[in-house]
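**Q** Predicted model and sequence follow; I will ask about them next.
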Amino acid sequence: MHSPGVDVLRALAIGSQALGLALIITLETVMGNAARPWQGVVLGAMVAFALAIALVRLYRRNRQRKAADARQGEAGRLDG
């Protein structure tokens, strides 16, 4: 597993955005105005990847919240 100080999803998000930006600049440099449609495809992929990461983060947060609520509920039943 990874160490607790490393946020893998954040690293993926930053890396994907950096890669997308570099690809957009490279396309402009190599292809000139013909790169416009491809730049749109890259931008769309960047947005889709960011949304997927946000959904994974939301899923993990909700799963952790449910687990914490279940533990708290069990502790309450044992105490009462």
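**A** Thanks, I have the structure now.

**Q** Centre-most residue in this protein?
**A** Central residue of the chain (C-alpha atoms, centre = their mean): I53, 2.4 Å from the mean position.

**Q** Could you find the closest non-adjacent residue to it?
**A** A13 (5.0 Å; C-beta to C-beta, 6 or more residues apart in numbering). Just so you know, the C-beta spots here come from the backbone N, C-alpha and C atoms, and that holds for glycine as well.

**Q** show me the contacts for that neighbour.
**A** 49-50, 53 (C-beta atoms under 8 Å, 6 or more residues apart in numbering).

**Q** Show the model's pLDDT score for it.
**A** Per-residue confidence (pLDDT) for A13: 94.

**Q** Work out for me the element it sits within.
**A** helix 8-31 (DSSP states H and E).

**Q** next one: the very next helix or strand once past that helix to chain centre, how far?
**A** Next in sequence after helix 8-31, counting helices and strands by DSSP H and E, comes helix 36-79. On the basis of C-alpha atoms, centre = their mean, to the nearest Å, helix 36-79 is displaced by 9 Å from the centre of the chain it belongs to.

**Q** Stretch 29-46 too?
**A** With C-alpha atoms, centre = their mean, you get 22 Å for stretch 29-46.

**Q** Just the buried residues of it, please?
**A** 35, 39, 42, 46 (16 or more other C-beta atoms under 10 Å).
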